[in-house]
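*Asks:* no letters, just coordinates:
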């Protein structure tokens, strides 16, 4: 039975010297895990950069809001873990706009173009566009757009 | 010494996220780590051999809740009590309640750190919960603590300490 075998295994790990925390959460284990995660940072940054470019292109051609949502979701999930907090926050606001706008309304593509530009600036020049500034700007834009949308 | 390595299944449609979780998990020793791109592929793997813990993304074509529903409720699920950790960037209260109601053991909020992922795995191993199988709910017992009873004693055995003294 898988449940019985699992229970035994968990008990064995938990009762081993140092317990589960000793194995999984001890500083050396955490440092190792963090280092392994950060080894993927170049790939993550390349992926974020590519996603930002595609969002900007989609906002120009005004076609697939689903593609924008999916890419914003990916950026939001990845960015903060790899030192790109600003793009993560802006991507979160893009997602928030798409999910909360009345579905009967056409997406506001001009807003999405603005947010794509903000996303790009936050990624390319984090010193000129610090996270608190871009997050305030993105939130203000999205709040304004949602406030003027008629209630569904 | 563990009798066998921990068997972990990571389910995410995003290639890089799968790789990140895999790297984090491989830092804890020598677990067996399997990957699936979506819920359908995960079901194939679970039917073949259930893992010890499944780390499942919510946002996939065959989403995490549908997979959780299969694991907990499907007649052909080989292991309804399989611990499932849901990963999500959706943190609205209603969403979190939906994950709990569907029978998730733990939730990892994206973006995550290595520590977050490992602490959720540790929580599943250290505090295995009783499994509830009722009409309304199938999943781990969500009560995290047992409140000590401080009402009046009503059974003879409750007073044994007094008698012994």
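*Replies:* Arrived safely, thanks for sending. All values derive from a computational prediction rather than experimental measurement.

*Asks:* residue 128: what secondary structure?
*Replies:* The chain I'm using is chain A. Assigned by DSSP: H, G, I helix; E, B strand; the rest coil, the conformation of residue A:128 is coil.

*Asks:* look at chain B instead
*Replies:* Three-state assignment for residue B:128 (three-state DSSP): coil.

*Asks:* tell me the contacts of the closest residue to it other than its chain neighbours?
*Replies:* Leaving aside its sequence neighbours, residue B:128 sits nearest to residue A:10 (C-beta to C-beta, 6 or more residues apart in numbering or on different chains; 5.7 Å). (Glycine included, C-beta is placed from N, CA and C.) By C-beta atoms under 8 Å, 6 or more residues apart in numbering or on different chains, the contact set of residue A:10 is B:52, B:124, B:125, B:126, B:128.

*Asks:* most neighbours among those, which one is it?
*Replies:* Ranked by neighbour count (other C-beta atoms under 10 Å in any protein chain shown), the contacts of residue A:10 have residue B:52 at the top, with 25 neighbours.

*Asks:* tell me the confidence at that one?
*Replies:* Listed pLDDT for residue B:52 reads 96.

*Asks:* which parts of chain B are strands?
*Replies:* Applying DSSP state E to chain B gives strands spanning B:7-11, B:32-36, B:53-57, B:84-88, B:106-109, B:131-133, B:138-140.

*Asks:* run through chain A and note the low-pLDDT ranges.
*Replies:* Confidence mapping of chain A against pLDDT under 70 gives the ranges A:150-152.

*Asks:* quick one: the lengthiest helix in chain A near chain B?
*Replies:* Ranked by residue count under DSSP state H, the longest helix found in chain A is helix A:41-61. Yes. Against chain B, helix A:41-61 shows contacts by C-beta under 8 Å from any C-beta of the partner chain at A:43, A:44, A:47.

*Asks:* pull out the buried residues from that helix.
*Replies:* Residues of helix A:41-61 classed as buried: A:44, A:45, A:47, A:48, A:49, A:51, A:52, A:54, A:55, A:56, A:58, A:59 (neighbour count, 16 or more other C-beta atoms under 10 Å in any protein chain shown).

*Asks:* could you dump those residues to CSV with distance to residue B:86?
*Replies:* Formatted as CSV, those follow (distance: C-beta to C-beta, whole Å):
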residue, distance to residue B:86
A:44, 22
A:45, 26
A:47, 23
A:48, 23
A:49, 28
A:51, 23
A:52, 27
A:54, 27
A:55, 26
A:56, 31
A:58, 28
A:59, 31
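
*Asks:* what parts of chain B come near chain A?
*Replies:* Taking C-beta under 8 Å from any C-beta as the criterion, chain B approaches chain A at residues B:1-4, B:6, B:14, B:16-17, B:19-20, B:23-24, B:26-29, B:50, B:52, B:59, B:78-79, B:81-83, B:89, B:110-115, B:117-119, B:121-122, B:124-126, B:128.

*Asks:* among the residues you listed, which ones are buried?
*Replies:* Buried members of the residues of chain B next to chain A, scored by 16+ other C-beta under 10 Å, are B:6, B:14, B:16-17, B:19-20, B:23-24, B:27-28, B:50, B:52, B:59, B:79, B:81-83, B:89, B:110-114, B:117-119, B:121-122, B:124-125, B:128.

*Asks:* partners of residue B:88 in the sheet?
*Replies:* Counting by DSSP bridges, residue B:88 is bridged to residue B:109.

*Asks:* residue contacts, it?
*Replies:* Neighbours of residue B:88 in contact, by C-beta under 8 Å, 6+ apart: B:57, B:58, B:59, B:64, B:95, B:99, B:107, B:108, B:109, B:110.
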